[in-house]
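Q: Okay, structure incoming, though there's no sequence with it:
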């Protein structure tokens, strides 16, 4: 398995890099880099890991993360090995010091300082702000030179003045910030993504990183702020939500395909995560989509 710990997102000669991604797969390995990242999903869906958060992603999702925030976007093509369709997104990278010292000492930069502080927990952008920033990001693909810096500042100013966001990680999130930690979490995530739809052996996954079951359980909770069983439950339920949204399978088949051996346990755990039964969730989603 290829393990990515830290990668350079931009060359030292550049203030920012903006790219349109059109790939068979987003990067399916947990990784981090020293730059801020603004990422917009244009096409594709799958499972997103950022810090201690796991959720499904879909077109239109817009996320702003701070430096050295571990993340992984595992699209459904990666999970299934499919090569049928490409996925698309726009990503902007810029370094911590792209404005030099003025951001720390000048009054005009106060809102931007607060935005960067909030980005250390990761921000998901919603509503009108999402729509406007998404449009500006697409414009930024075609702008060069100092005009690109001006447009980036406009984007950041809009984010700084908006309240249309939610934090991604928990307030007491403990970052994974070295090679040993990142390699361990990569092994765990890859094992889970491969096996979560069947019975998961705690002993086997603990052996994978050379720990006892007790030590692994304690270690895992310290990294992601939730127990291993709760994390596995959320992973399965997020996958089940995706299947329900596609509306191609019965609830019983969704339960089985998501790793549950009994429909009663599936209903119970689904409601614990979403606040709704699978049938209620499907009916509400269909009503909204229509």
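A: On my side now, so go ahead. The structure displayed is predicted, hence computed values, not measured ones.

Q: C-alpha only now, for contacts and for neighbours.
A: Fine.

Q: Can you point out the buried residues in the host helix or strand of residue 38?
A: Take DSSP states H and E as the rule and residue 38 turns out to sit in strand 36-43. For strand 36-43, a neighbour-count test (16 or more other CA atoms under 10 Å) marks 36, 37, 38, 39, 40, 41, 42, 43 as buried.

Q: For it, name the packing helices and strands.
A: strand 62-65, strand 87-94 (3 or more CA pairs under 8 Å, 6 or more residues apart in numbering; DSSP states H and E).

Q: Mind listing what's buried along the helix or strand that it is followed by?
A: For strand 36-43, the following helix or strand on the C-terminal side (DSSP H and E) is strand 46-50. By neighbour count on 16+ other CA under 10 Å, the buried set for strand 46-50 is 46, 47, 48, 49, 50.

Q: Need the residues that contact the helix or strand just after strand 46-50.
A: Note on strand 46-50: by DSSP H and E, the next helix or strand toward the C-terminus is strand 53-57. With contact meaning CA atoms under 8 Å, 6 or more residues apart in numbering, strand 53-57 is reached by 45-49, 168-170, 224, 234-235, 238-239, 242.

Q: make it 10 Å
A: With CA atoms under 10 Å, 6 or more residues apart in numbering as the test, strand 53-57 has contacts from 41, 44-49, 71-75, 122, 167-170, 173, 224-226, 231, 234-235, 237-239, 241-242.

Q: Show me how far that strand is from its chain's centre.
A: Averaging C-alpha positions (CA atoms, centre = their mean, to the nearest Å) puts strand 53-57 5 Å from its chain's average.

Q: in its sheet, what does that strand sit against?
A: Strand 53-57 pairs in its sheet with strand 46-50 (antiparallel), by DSSP bridges.

Q: in the stretch 151-290 of the chain, which spans are helices?
A: Per DSSP state H, counting those that start in this stretch, the stretch 151-290 of the chain carries helices over the ranges 179-195, 202-208, 213-224, 228-246, 251-257, 263-274, 278-289.

Q: Please state the mean pLDDT value computed over the third one.
A: Looking back up the chat, that one is helix 213-224. Mean pLDDT, computed over helix 213-224, is 88.
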